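Q: model the structure of this input:
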Amino acid sequence: MLTSRPFDEILERSKTKSLSTQSIGNNASDKAMIRGYAHQYLTEIIQMLDKVPRQMLLLFKMNDCLRHIDHDLGSPTNTLLVAGKYAAETVYKEENIVSSSLTIPRKTKPLFSGIKSWISYMIVLSRINVHQTISRWFR
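A: Residues are numbered from 1 along each chain as shown. Reported below is the predicted structural model:
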């Protein structure tokens, strides 16, 4: 549902560990298959979406809209990778601030904790960059 790919294709990719973004079938058959799955699992989809925070649903919808705009414009931008970089940076910054209240002065965490956060942030950025590089090879 989140990848806009047929379920069979996702299962096949997980078995073969393939990173290719090319579709196994043609576009019309993919759309028909996705519609069939959506109809078949409608109750489960609604139950799952009821558990997802509204802010996350907004992000899913935003990503879907941007993906369609990118596709229509022929842009190679992967909005999830861009958003991932900003999200990682925000988490890193928030982890290193003890108090964000306007009345209480901000204090930084101890040095070791800051180094640990920075290393985690660098690992996440590295993984995003590796994914971005590999995905360019398979276009």
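Q: give me the mean pLDDT for stretch 12-26.
A: The average pLDDT for stretch 12-26 rounds to 56.
Q: likewise stretch 43-59?
A: On average, stretch 43-59 scores 86.
Q: who are the packing partners of the host helix or strand of residue 113?
A: Element membership of residue 113, judged by DSSP states H and E, is helix 111-137. If contacts are counted by 3 or more C-beta pairs under 8 Å, 6 or more residues apart in numbering; DSSP states H and E, helix 111-137 sits against helix 79-95. From N, CA and C alone the C-beta is placed, and that goes for glycine too.
Q: quick one: distance of the helix holding residue 113 to the chain centre.
A: 15 Å (C-alpha atoms, centre = their mean, to the nearest Å).
Q: angle of it against helix 79-95?
A: Note on geometry: by axes from the mean of the first three to the mean of the last three C-alpha atoms, to 10 degrees, helix 111-137 and helix 79-95 are set 180 degrees apart in direction.
Q: and helix 111-137, what's buried?
A: Across helix 111-137, burial judged by 16 or more other C-beta atoms under 10 Å covers 117, 121, 124, 128.
Q: got it, and stretch 63-83?
A: Neighbour counts using 16+ other C-beta under 10 Å place 66, 67, 78, 79, 80 of stretch 63-83 among the buried residues.
Q: kindly report the same for stretch 90-100.
A: For stretch 90-100, by 16+ other C-beta under 10 Å, it's 92, 95, 96.
Q: quick check: mean pLDDT across that stretch?
A: For stretch 90-100, the mean confidence score works out to 74.
Q: apart from its neighbours in sequence, what residue is nearest the residue most central in space within the chain?
A: What sits nearest the mean C-alpha location of the chain, by C-alpha atoms, centre = their mean, is residue 80, with 4.5 Å. Distances taken as C-beta to C-beta, 6 or more residues apart in numbering put residue 63 closest to residue 80, at 6.3 Å, once the chain neighbours are dropped.
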